[in-house]
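**Student:** for reference, the sequence and a predicted model appear below.
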Amino acid sequence: MEMCCFYNQRSIINLVFVMGKNMEDVRRKILVVDDEEMIGKALRIILAEEGAVEYARNGREALARSAVTSYDVLIVDMNMPVMNGMEFYKEAVKTLSGIKERIIFFTGSCEEDYFSFFRKNNLRFMEKPLEPKELKDLVRQILESKVLTEL
């Protein structure tokens, strides 16, 4: 795999030339984790330009998917059945290398426990309703920092 990097005023653009491979194989992978399917669909549309977006309905499903696929960014709701965002994070840090730098939490709840959890662990989070531009900017920031560490 040959890599070329160009700098423009806005960001670093990573151009990857892969011989004999489909470009879909090198797209960045994003996992959206939310029990509300409509939110999952909306986020897949919003983030389609940023990478290949997949969907999981809860933290347990996200852990299973993450065991077989390395995601560049994970966007995780806090309030979910089966395994919520906090439980997901506690399990994920045990097995997924660098998860802290690749995850964005979001919540519609104003529970102090959540905000305390975010601060204590120095985690990125957004409150619902999500602002599409802010979310895309945060995802791009994570992807760009990942590109820099890969160089």
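**Tutor:** Sure thing, it's come through.
**Student:** contacts only, for the closest residue to G85 other than its chain neighbours.
**Tutor:** Sequence neighbours aside, M78 is the residue nearest to G85 in space, at 3.8 Å (criterion: C-beta to C-beta, 6 or more residues apart in numbering). From N, CA and C alone the C-beta is placed, and that goes for glycine too. Contacts for M78 (C-beta atoms under 8 Å, 6 or more residues apart in numbering) come out as N84, G85, M86, F105, F106, T107, S109, Y114.
**Student:** repeat for V32
**Tutor:** I39, G40, L43, R44, L47, V53, E54, Y55, A56, I75.
**Student:** try it again with 6 Å
**Tutor:** Counting by C-beta atoms under 6 Å, 6 or more residues apart in numbering, V32 touches G40, L43, Y55, I75.
**Student:** any chance of those in a markdown table with pLDDT and secondary structure as columns?
**Tutor:** Converted to a markdown table, those look like this (pLDDT from 0 to 100; DSSP: H, G, I helix; E, B strand; the rest coil):
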| residue | pLDDT | secondary structure |
| --- | --- | --- |
| G40 | 94 | helix |
| L43 | 97 | helix |
| Y55 | 98 | strand |
| I75 | 98 | strand |
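**Student:** of those residues, which is the nearest to V33?
**Tutor:** V33 lies nearest to I75 out of the contacts of V32, by C-beta to C-beta, at 6.8 Å.
**Student:** correct me, but the closest one touches I104?
**Tutor:** Yes - if you go by C-beta atoms under 6 Å, I75 and I104 touch, sitting 4.9 Å apart.
**Student:** list the buried ones in stretch 78-87?
**Tutor:** M78, N79, M80, M83, N84, G85, M86, E87 (16 or more other C-beta atoms under 10 Å).
**Student:** cool, and stretch 43-55?
**Tutor:** Across stretch 43-55, burial judged by 16+ other C-beta under 10 Å covers L43, I46, L47, E50, G51, A52, V53, E54, Y55.
**Student:** the nearest residue to the third one once chain neighbours are set aside and L43: what is the separation?
**Tutor:** Taking C-beta to C-beta, 6+ apart, and ignoring the residues beside it in sequence, L47 has V53 as its nearest neighbour in space, at 5.0 Å. Applying C-beta to C-beta, to the nearest Å, the value for V53 to L43 is 7 Å.
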